[in-house]
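Colleague: A structural model of the following input is requested.
(4 chains)
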There are 2 protein chains.
Amino acid sequence: MNDVAGGQSLLYLTDEQLRKGIEAMFFAYRGFTADPDRILEDKSYGRAHHRAVHFIHRSPGTTVNNLLSILGVTKQSLNRVLRSLIEDGLVESRVGKEDKRERHLYLTDTGAALERELSDAQRERMRAAYRAAGPQAVAGFRQVLEAMMDVEMRRHYEALKDKTT
Amino acid sequence: MNDVAGGQSLLYLTDEQLRKGIEAMFFAYRGFTADPDRILEDKSYGRAHHRAVHFIHRSPGTTVNNLLSILGVTKQSLNRVLRSLIEDGLVESRVGKEDKRERHLYLTDTGAALERELSDAQRERMRAAYRAAGPQAVAGFRQVLEAMMDVEMRRHYEALKDKTT
DNA sequence: TTGGAATGTCAACAAGGCTGACGTATCTTG
DNA sequence: CAAGATACGTCAGCCTTGTTGACATTCCAA
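Modeller: Below you'll find the model as predicted:
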């Protein structure tokens, strides 16, 4: 029953192994968000602001609609976050040239500075984890995560993946 | 600069690679929680209830304090969730035998049924991802996640890991 | 017997989700 | 050109889940 298929052991698909993976995701995600959360605490911003800033940085000039579908929230929810970022001068919203209904979003220098602070912290943890686990493990890590995404999320992920930045 | 160390390429530690890992975590976590969230939608419970039910299932008889430190929330926050679960007859709270100040938490049959429904859904996605990625990748996945945890979270994770259940 | 630990609970608040409804430009298409 | 669709913003109100602070109870242990 717990035997082989094409010489490949299936022991890694037992409920027990899957459960460990689930708990690993839960505990690791806490670590994943811990450092940015700590930084944001002081600044009257939250994780939602971090996400917005991150993806605007990744895709400068992105439209509100595009950001909406990446983040998977309602426009009202995003708008609240964007408004405060724009008011505080971290994000700039420019009317579209081709289509004047669209707003294109850019980080200001201040916004870029915050982005850097947050992503430095997050990357630092990621780097330590990568280093500890090694390149082989990292490849597997990414494979499993990609297989875990919903189709639409994977679309967004792939689209970002290829940007030279 | 992007060269070798002990014959090992360090290309996997570039900012670009780390960024991909960060975004993979973000998008994958959405998939990770999507199925249970959908199930809970109807039932007037949320993710917080799922977490409580999961860990009570994993450690029957656990105390409130222990659960608190696993979940990393305040007792007031947890209490609100536990209260509704107890009122609805999904969780039973027994006064401790040794120390009567402690409450030991158990799932009722109804609670166990919900837990099963939720974890079946979550495991299904995990199983598909594992199968798609293969055992090698899964091992790496777990290694990186474990390296990403905070020390205290890893403690909890390890403690749960060894339970035969 | 007294201090502290474990638990519960009340009140108030904030972030960040959500729905619904409406307004206003601006495109697009018949 | 008129009508409909699209992109965006905004107001109002609701929910979940997190937070602090304060206080009561119960009980262990020194």
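Colleague: what's the longest helix in chain A?
Modeller: helix A:15-42 (DSSP state H).
Colleague: which residues touch A:Glu23?
Modeller: B:58, B:157, B:160-161 (Cβ atoms under 8 Å, 6 or more residues apart in numbering or on different chains). Where you see a C-beta, it was placed from the backbone N, CA and C, and this is true even at glycine.
Colleague: check chain A for the residue nearest DNA strand C and tell me.
Modeller: A:Gly46 (1.5 Å; Cβ to the nearest atom of the strand).
Colleague: residue contacts, that residue?
Modeller: A:Leu40.
Colleague: can you list the residues of chain A near DNA strand C?
Modeller: For chain A, the residues in contact with DNA strand C (Cβ under 7 Å from any atom of the strand) are A:44-49, A:51, A:72-74, A:76-78, A:80-81, A:95-96, A:98-101.
Colleague: rerun at 6 Å
Modeller: A:44, A:46-49, A:73-74, A:76-77, A:99-101 (Cβ under 6 Å from any atom of the strand).
Colleague: filter the residues you listed down to the buried ones.
Modeller: A:48-49, A:73 (16 or more other Cβ atoms under 10 Å in any protein chain shown).
Colleague: for A:Glu152, state which of the residues you listed is nearest.
Modeller: A:Val73 (13.7 Å; Cβ to Cβ).
Colleague: okay, the closest one: pLDDT?
Modeller: You'll see A:Val73 listed with a pLDDT of 96.
Colleague: quick check: pLDDT value at the closest residue to it other than its chain neighbours.
Modeller: Distance criterion Cβ to Cβ, 6 or more residues apart in numbering or on different chains; nearest residue to A:Val73, sequence neighbours excluded, is A:Ala48 at 7.9 Å. In this model, A:Ala48 is scored at 96, pLDDT.
Colleague: I figured A:Ala48 hits A:Asn79, correct?
Modeller: No - A:Ala48 lies out of contact with A:Asn79 (Cβ atoms under 8 Å); the separation is 11.2 Å.
Colleague: all helices of chain A, in order?
Modeller: Listed in chain order (using DSSP H), the helices of chain A are A:15-42, A:47-58, A:64-71, A:75-87, A:109-133, A:135-148, A:151-161.
Colleague: greatest separation within the residues of chain A next to DNA strand C: which pair is it?
Modeller: So, those by Cβ to Cβ: farthest apart are A:Ser44 and A:Asp99, at 33.5 Å.
Colleague: residues contacting stretch A:93-113, please?
Modeller: A:53, A:56-57, A:60-65, A:67, A:82, A:85-86, A:88-92, A:115.
Colleague: so how do I select the buried members of these in PyMOL?
Modeller: Buried subset of these, written as a PyMOL selection, criterion 16+ other Cβ under 10 Å:
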select buried, chain A and resi 53+56+57+62+63+67+82+85+86+88+90+91+92+115
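Colleague: that older thread, which one of the residues of chain A next to DNA strand C is nearest A:Met153?
Modeller: Using Cβ to Cβ, the residues of chain A next to DNA strand C come closest to A:Met153 at A:Val73, 13.3 Å.
Colleague: quick check: the closest one vs A:Leu67, distance?
Modeller: 9 Å (Cβ to Cβ, to the nearest Å).
Colleague: list the residues that contact the closest residue to chain B within chain A.
Modeller: Closest approach between chain A and chain B, counting by Cβ to the nearest Cβ: A:Gly140, at 2.6 Å. Going by Cβ under 8 Å, 6+ apart, A:Gly140 touches B:133, B:136-141, B:143-144.
Colleague: so who does the residue nearest to the spatial centre of chain A touch?
Modeller: Taking Cα atoms, centre = their mean, the centroid of chain A lies closest to A:Arg51, which sits 6.7 Å from it. Contacts for A:Arg51 (Cβ under 8 Å, 6+ apart) come out as A:71, B:26.
Colleague: and with 7 Å instead?
Modeller: A:Arg51 makes contacts with A:Leu71, as judged by Cβ atoms under 7 Å, 6 or more residues apart in numbering or on different chains.
Colleague: tell me the pLDDT of it.
Modeller: The model's pLDDT for A:Arg51 equals 97.
Colleague: name the nearest residue to A:Leu43, sequence neighbours excluded.
Modeller: That one is not Leu; residue A:43 is Lys. A:Leu114 (7.7 Å).
Colleague: the one you found contacts A:Val91, correct?
Modeller: No - assessed by Cβ atoms under 7 Å, A:Leu114 is found out of contact with A:Val91, at 10.1 Å.
Colleague: and A:Lys75, how many neighbours does it have?
Modeller: A:Lys75: 12 surrounding residues under other Cβ atoms under 10 Å in any protein chain shown.
Colleague: taking chain A, what residue is nearest to DNA strand D?
Modeller: For chain A, Cβ to the nearest atom of the strand, closest residue to DNA strand D: A:Asn65, 2.8 Å.
Colleague: give me the local confidence score for that residue.
Modeller: 96.
Colleague: how about the residues of chain A that lie near DNA strand D?
Modeller: Taking Cβ under 6 Å from any atom of the strand as the contact definition, chain A meets DNA strand D at A:63-65, A:75-76, A:79, A:83, A:93, A:101-103.
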